[in-house]
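Trainee: Got a sequence here, can you model it:
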Amino acid sequence: MSMNSQDCAQVRDGFPRPFPNTPTNVFDQLSLKEAGAHVAFWYNSNEAAIKMAQEFATSHSIKTQAYKVDVSNADSVQKSITEVVKDFGKIDVFVANAGMAISKPILEQTLEEYHKQMTVNVDGIVYCSKFVGEVFKRQGFGNLILTSSMSAKIVNVPVDQPVYNATKAFVTHFGKSLAREWREFARVNIVSPGFFDTKMGASPGCINEAYRMSSLGRQGHTKEIKGLYLYLASDASTYMTGSDVLIDGGYVLP
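Mentor: Below is the predicted model:
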């Protein structure tokens, strides 16, 4: 979009907006405990989240609750978000992290496998964003963090997961669009991980690619990504929205 000198000289009504009333000390900015944070856990097949929620409540002296949710089902997502608001009173931060991958070339992948990935990685993101966005708009504030992938932005993507790569490209661009659409009431940012050693796992070929292409020569450990989500969820990142943060061990470097 082009702008002329007259456009640049125009003053927007209600601008500049005030700085947020957040702590000056960076340690206080990063502390969700300082903000009185409580945690709602979502799970589908792994009921370990129930025990984890109980342990978090005890160890951090906070309120927690685990909810069984199928993110590929719009009714399930809407119902669960309604329950979270009822139980906690509000939603400050929502992390849309559910995802799956079927590592097969498209000529070997069934249409059922294709649709399964789309319902989780694309539809699930849309459902979560739509229904939590309605909450954010009512509240007048909110913070959405979407999990995408480095595969959404590189040419040398793993060749055996084309559908997964495409779904993550959707997540990245959808998140950027939401950041613009929701600019009056919520922030939206995207995390794009490289290869991490998770239970979802990757094919041997993909893992070998991680060792070969990553500057650090390994996969990432899940403990190495927690701080990024904390930063985006906290008051330390109040001037960030629409950002796509890459954490990939240097995989996409030239």
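Trainee: drop to CA atoms for contacts and neighbour counts, all remaining ones
Mentor: Fine.
Trainee: Can you check the distance spanned by stretch 28-39, start to finish?
Mentor: Between the opening and closing residues of stretch 28-39 there is a gap of 19 Å (C-alpha to C-alpha, to the nearest Å).
Trainee: what's that stretch in contact with?
Mentor: Among residues not part of stretch 28-39, those counted as contacts by C-alpha atoms under 8 Å, 6 or more residues apart in numbering are 22-23, 53, 62-65, 88, 230-231, 234-236.
Trainee: distance of Leu111 from Ile125?
Mentor: Between Leu111 and Ile125 the distance, using C-alpha to C-alpha, works out to 20 Å.
Trainee: thinking again about what came up before, pick the one among the contacts of stretch 28-39 closest to Pro105.
Mentor: Within the contacts of stretch 28-39, distances to Pro105 taken as C-alpha to C-alpha reach their minimum at Leu230, with 35.0 Å.
Trainee: how many neighbours does Glu184 have?
Mentor: Other residues near Glu184 come to 11 when the count uses other C-alpha atoms under 10 Å.
Trainee: Which strand or helix spans it?
Mentor: Under the criterion of DSSP states H and E, Glu184 resides outside all helices and strands.
Trainee: In strands, which of the contacts of stretch 28-39 fall?
Mentor: Using DSSP state E to define strands, the subset of those located there is 64-65.
Trainee: Take the contacts of stretch 28-39 and write them to TSV, including neighbour count.
Mentor: Output for the contacts of stretch 28-39, formatted as TSV (neighbours: other C-alpha atoms under 10 Å):
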residue	neighbour count
Thr22	14
Pro23	13
Ala53	20
Ile62	15
Lys63	17
Thr64	21
Gln65	20
Phe88	14
Leu230	15
Tyr231	16
Ser234	20
Asp235	22
Ala236	20
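Trainee: can you list the contacts of stretch 28-39 in TSV and add distance to Thr147 and pLDDT?
Mentor: Converted to TSV, the contacts of stretch 28-39 look like this (distance: C-alpha to C-alpha, whole Å; pLDDT from 0 to 100):
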residue	distance to Thr147	pLDDT
Thr22	26	92
Pro23	27	92
Ala53	21	95
Ile62	25	94
Lys63	25	95
Thr64	22	96
Gln65	22	96
Phe88	24	97
Leu230	13	96
Tyr231	14	97
Ser234	16	96
Asp235	19	95
Ala236	19	96
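Trainee: Thought Gly133 was touching Ile91, still the case?
Mentor: No. Between Ile91 and Gly133 there is no contact under C-alpha atoms under 8 Å: 10.0 Å.
Trainee: between the two, what contacts are shared?
Mentor: With contacts taken as C-alpha under 8 Å, 6+ apart, Ile91 and Gly133 have Gly142 as neighbours in common.
Trainee: Lovely, talk soon.
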